[in-house]
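Participant: Sequence plus the predicted model coming up.
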Amino acid sequence: MRVGVRTRTLADDRLAYCKQIGVDDVFVDHRLPRGDIFTDEGSDDETTITIDEGVVPSVSELVEARERAAEHGLRFMGIQSLNYNVYGKIMLGKPGQDAQLETITELVRNLGEAGVPILGYQWNPRGVVPMRTSESTPVRGGAASSEFDIEALADPYEPVESLDRKYTEAELWENYERFLEEVLPVAEEAGVTMALHPADPPTVEQLGGIPRLFRDVSAFERAMDAVPSDNHGLKLCLGCFSEMPDTDIEAVVRTFGERDDIVFVHFRDVIGTWPSFKETFLDDEHSNYDERSVMRTLHDVGFQGVVVPDHVPDMVGDTDWGHRGRAQAVGYLNGLNRSIRSG
């Protein structure tokens, strides 16, 4: 097991910094830096390719990214996640879903040919409710963090105006399983592993009139069993599972670890659960779970992949990417990992 980060740039200074704080692996978001300029943080100009319907990085661009990471002693592990523009029509069974399927299967083939092993994805509707209702909630020492509180939203359970009709959970499951049937054989042939992320925020059956499939443990068990494949698993977001009331995080890790379903881990935590919670530092004594016990459980189930701190609080003097918050999280995770390995 080792510690990684997600980044929108592959600039030399960013990659050097990652190595300096003890990172071994990097993921990029759905915007892939390309060409000779690797300093962009995610704009849509010529220095960045934004994965979208019909827009996929070429094999050579992915190889370039992999080799650039390798120059700094890092592994380029994959795409952190797909945005809604690439799967929304598939999810809702709308016209144009075939074009989106072609986009995803082309991306999977290109990743495989380039030697990039992971494609993370999520299955959440866009524009229904915000993922967080605040980005400036104080946590330890006045650091700014994100928060979700259902009371801050007006009519969160009412269908949004942009919804063309009501969608049932049964049809969304049917659409999702059809997606797996189409994509997983391609992933198996390409040698790429797909990693599914939970709904965030989770728990309720629907928000804004659209069902939220991946809201609890049983939904993930169904997702993994629907089309069994060694190339499909979880982007195990501990924070999302921690947001679910009455959820034993160690039991979640054991459940999916023993099934060998964990592809990589988002190691973050929150204070509180649905319908009101805030993100915090991993070593916050008030957070929901015991991070050392969870790290120990990951070791016990034989997980040998990457743990990523994901979201981090905004510390004094920090950057938009969270250099200081990310360094604190990476250092803490590396310390936990080393102490558990040494017994």
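Facilitator: Perfect, I can see it now.
Participant: Please name every helix or strand in contact with the least confident helix or strand in the chain by mean pLDDT.
Facilitator: Evaluated with mean pLDDT, DSSP states H and E, the helix-and-strand set of the chain has its lowest mean pLDDT in strand 31-33, which scores a mean of 78. Contact here means 3 or more C-beta pairs under 8 Å, 6 or more residues apart in numbering; DSSP states H and E; on that basis strand 31-33 packs against strand 48-50, helix 59-71. The C-beta positions use only the backbone N, C-alpha and C, and glycine is treated the same way.
Participant: Mean confidence (pLDDT) on the longest one, please.
Facilitator: Across helix 59-71, pLDDT averages out at 94.
Participant: list the buried ones in that helix?
Facilitator: 59, 61-66, 68-69 (16 or more other C-beta atoms under 10 Å).
Participant: Need the residues that contact that helix.
Facilitator: With contacts defined as C-beta atoms under 8 Å, 6 or more residues apart in numbering, helix 59-71 is touched by 10, 15, 26, 28, 32-34, 38, 49, 57, 75-76, 110-111, 113-116.
Participant: Compare the helices and strands packed on strand 31-33 and give me the one nearest Val294.
Facilitator: Closest approach to Val294 among these (C-beta to C-beta): helix 59-71, 27.5 Å.
Participant: would you put the C-alpha positions of that closest one in PDB?
Facilitator: Output for helix 59-71, consisting of C-alpha atoms alone and laid out as PDB, is shown next (Å, rounded to 0.1, in the frame of the first residue of the first chain):
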ATOM      1  CA  VAL A  59      -2.400   7.100 -26.700                       C
ATOM      2  CA  SER A  60       0.600   9.300 -27.300                       C
ATOM      3  CA  GLU A  61      -0.800  12.000 -25.000                       C
ATOM      4  CA  LEU A  62      -1.400   9.400 -22.200                       C
ATOM      5  CA  VAL A  63       2.100   7.900 -22.800                       C
ATOM      6  CA  GLU A  64       3.600  11.400 -22.500                       C
ATOM      7  CA  ALA A  65       1.800  12.000 -19.200                       C
ATOM      8  CA  ARG A  66       3.000   8.600 -17.900                       C
ATOM      9  CA  GLU A  67       6.600   9.200 -18.900                       C
ATOM     10  CA  ARG A  68       6.500  12.700 -17.400                       C
ATOM     11  CA  ALA A  69       5.400  11.300 -14.100                       C
ATOM     12  CA  ALA A  70       8.100   8.600 -14.300                       C
ATOM     13  CA  GLU A  71      10.800  11.300 -14.800                       C
END
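Participant: So what's the gap between it and the chain middle?
Facilitator: Taking the mean of its C-alpha atoms, helix 59-71 sits 21 Å from the chain's own mean (C-alpha atoms, centre = their mean, to the nearest Å).
Participant: what's the answer for stretch 69-79, then?
Facilitator: 18 Å.
Participant: Same question for stretch 49-63.
Facilitator: With C-alpha atoms, centre = their mean as the basis, the mean position of stretch 49-63 lies at 19 Å from the chain mean.
Participant: still on that earlier bit, report the buried members of the contacts of helix 59-71.
Facilitator: 10, 15, 26, 28, 32-34, 38, 49, 57, 75-76, 110-111, 113-114, 116.
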